[in-house]
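1. model the structure of this input:
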Amino acid sequence: MIPAHLAEPSYGIPVSPLLTCHPDKQRLYGADTYYQESHDQLAALTADVTGFAHRHAMLLLKPDAVVARRLETALDWLSARGFRIVGAAVTRLTRTMIRSLWYFQWNLATPDRRRLAALFLEDADALVLLVRPENDLDVPASVELTRLKGPTDPGARRPGQLRHLLGRYSYLLNLVHTPDEPADVLRELAVHFDDTGRDRLFRSALADEDRTAHALELAARLHAATEPRDLDFEPALARLRAAVSEHGGADPLASPRALLETAWRRGTVLDLWDTVVVGSKVLPMRQPGRAPVLDGADADTWRRHLDAVRATAN
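-> Sure thing, here's the model as predicted:
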């Protein structure tokens, strides 16, 4: 027996291999405050934390989806794909929250991406939907919803995917986000909501309530609180050129990238959304040669992972 003072120290709570494919995520999330808070709160409500995390996925409809008026389209898409909304709540993506949500992936972000994200993510509230598939799946609900949502790269999105349907604007303006794995669902709920907010969502989901009407009510409220915006590149660029010409802060005939960089350097006031639309198309968004600290896993990887976990258990 190893003496207590020589034993490997514990930094957190156990994270089941049924909640993530990645041993590193098990280790890091076990010591993560957000994950611990969500896990412990849910464990007080149900003995089946793992089952809950497997059966539920989360969809974040970001501020760009709000101003583009795509919330109801996303709700219709969820229903058509067999996902029922069992919880809905409004969130505000503050600077701290953005970094907390993507803490293990934003090592990829360029300074331009961080600057543009700060401009639009805090401009409007966002909508969080907790959803459950109507039919049993052979992978976690979060994995399936992430697959159906489509990739970040607009050129790689395909018809039928949610991001293709909502608009292929740019790498940054992708309108929606989903946690990759069950462990991410638990952690991200704690990033968005305090104990009271999570309790409402957990209880609603455990009661298997249909919260579609509530989600539509929240969508209408978000739309009423914001002005609609056009997120297409060419009109946004034309408006930026006109603004720069009016203020004399940069050469209006410069390339889009030079236009933005010169306007920023000279302190020219630019429209927030037009800046993000143009900047996310012409400025680098990802640091070359870098990999995320933690990532998700596709459905096939999850199927193999589940087979291996069950074989070990037997």
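2. in this structure Thr275 contacts Arg115, no?
-> No: using CB atoms under 8 Å, Thr275 is not in contact with Arg115; the gap is 9.3 Å. Backbone N, C-alpha and C define where each C-beta goes, glycine included.
3. of the two, who's got more company?
-> Thr275 (21 against 15; other CB atoms under 10 Å).
4. after the host helix or strand of that one comes which helix or strand?
-> For Thr275, the host element (DSSP states H and E) is helix 272-282. Later in the chain than helix 272-282, the nearest helix or strand by DSSP H and E is helix 299-313.
5. would you mind listing the outside residues contacting that next one?
-> Helix 299-313 is contacted by residues Pro17, Leu18, Cys21, Asp138, Val139, Pro140, Val143, Glu144, Arg147, Ala297 when judged by CB atoms under 8 Å, 6 or more residues apart in numbering.
6. assign the fourth one to helix, strand or coil.
-> Reducing the assignment at Asp138 to three states with DSSP: H, G, I helix; E, B strand; the rest coil gives coil.
7. now it: how far from Leu253?
-> As judged by CB to CB, to the nearest Å, Asp138 and Leu253 stand 56 Å apart.
8. ok, the third one next?
-> When distance is defined by CB to CB, Cys21 is 51 Å away from Leu253.
9. and the two? which has more neighbours close in?
-> Set side by side, Cys21 and Leu253 show more neighbours around Cys21, with 23 against 10, by other CB under 10 Å.
10. what's the closest non-adjacent residue to that one?
-> Ala297 (4.1 Å; CB to CB, 6 or more residues apart in numbering).
11. what's around that neighbour, how many residues?
-> Using other CB under 10 Å, Ala297 is surrounded by 19 other residues.
12. quick check: it touching Val143?
-> Yes: contact criterion CB under 8 Å: Ala297 and Val143 qualify, at 7.3 Å.
13. overlap in contacts, the two.
-> Common neighbours of Ala297 and Val143 (CB under 8 Å, 6+ apart) are Asp180, Glu181.
14. hmm, back to that, narrow the contacts of helix 299-313 to those that are buried.
-> Pro17, Leu18, Cys21, Val139, Pro140, Val143, Glu144, Arg147, Ala297 (16 or more other CB atoms under 10 Å).
15. isn't the first one right up against Lys25?
-> No: between Pro17 and Lys25 there is no contact, the gap being 10.0 Å when judged by CB under 8 Å.
16. for Leu130, which three-state class applies?
-> Look at Leu130: counting by three-state DSSP, its state is strand.
17. can you get me a residue count around the closest residue to it other than its chain neighbours?
-> In this structure, Leu130 finds its nearest non-sequential neighbour in Gly87, 3.4 Å apart by CB to CB, 6+ apart. Gly87: 26 surrounding residues under other CB under 10 Å.
18. what's the domain layout of the chain?
-> The record's domain split for the chain, according to automatic domain parsing, is 23-227, 233-282.
19. and Leu45, how far from Arg203?
-> For Leu45, the distance to Arg203 - CB to CB - is 7 Å.
20. compare the two (neighbour count), which wins?
-> Remark: of Leu45 and Arg203, Leu45 carries more neighbours, 15 against 12, as counted by other CB under 10 Å.
21. next up, the contacts around the more buried one.
-> Taking CB under 8 Å, 6+ apart as the test, what Leu45 contacts is Asp199, Phe202, Arg203, Leu206.
22. helix, strand, or coil at it?
-> Per three-state DSSP, Leu45 ends up coil.
23. tell me the pLDDT at it?
-> On pLDDT, Leu45 comes in at 98.
24. angles on the backbone of it, please.
-> When read as degrees, to the nearest 10, the backbone of Leu45 gives phi -100, psi -20.
25. I'd say Leu259 and Arg241 touch.
-> Yes: Leu259 sits in contact with Arg241 when judged by CB under 8 Å, with a separation of 6.9 Å.
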